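Q: coords below, sequence missing:
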């Protein structure tokens, strides 16, 4: 069964993050530049929260706040759900669908190792299913 570590081995542990005092506007600029829909909020190399497009839409735009003057710490999700490299893809999918989230930071021994997205999980599942189908076809064909 595939694990989070398998995904990180393939995609790497590249994480885009900003400190809590960063303005929402600057965070959004970075998200556009890096073509991502979330940023991790880190302080002293520790995970402090996550800022997503959903946070922006619900906590800035709809509340009439200024994105240039509001720090991400005011609107980030502070109680971040995390996984370890040993979590299975199935466990991650259950977490994401059950909690309606699209990103899971990967943490081990208080060290941030990376982040997996719903897209990463779907790709891993498709890859695993293709492998199983190919093996079954070879078995049936006797090759």
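A: Received, thanks. What you see is a predicted model, and the numbers here were worked out from it, not measured in a lab.
Q: and residue 16, how far is that from residue 45?
A: 15 Å (CB to CB, to the nearest Å). For glycine as for every other residue, the C-beta is placed from the backbone atoms N, C-alpha and C.
Q: Compute the number of surrounding residues for the residue lying closest to residue 40 once chain neighbours are set aside.
A: Take residue 40 and drop its neighbours on the chain: the residue closest to it by CB to CB, 6 or more residues apart in numbering is residue 17, 4.2 Å away. By other CB atoms under 10 Å, 21 other residues sit near residue 17.
Q: go on, residue 133?
A: Neighbours of residue 133 under the rule other CB under 10 Å: 10.
Q: swap in residue 135?
A: Using other CB under 10 Å, residue 135 has 10 other residues around it.
Q: Kindly report the same for residue 60.
A: Neighbourhood size, residue 60 [other CB under 10 Å]: 19.
Q: gap between it and residue 8?
A: 31 Å.
Q: for residue 107, same thing?
A: Taking CB to CB, one finds residue 107 at 12 Å from residue 8.
Q: Now for these two: what residues contact both?
A: Among the neighbours of residue 107, those also in contact with residue 8 (CB atoms under 8 Å, 6 or more residues apart in numbering) are residue 113.
Q: From the rest of the structure, what touches the helix or strand residue 121 falls within?
A: Under the criterion of DSSP states H and E, residue 121 resides in helix 118-141. Helix 118-141 has contacts (CB under 8 Å, 6+ apart) with 2, 6, 7, 11, 89, 92, 93, 96, 102, 103.
Q: For those, which single residue is the most surrounded?
A: residue 92 (24 neighbours).
Q: In the beta-sheet assignment, what are the partners of the residue nearest the centre of the chain?
A: For the chain, residue 103 is the residue whose C-alpha lies nearest the centre (CA atoms, centre = their mean; 2.7 Å). Beta-bridge pairing of residue 103 under DSSP bridges involves residue 117.
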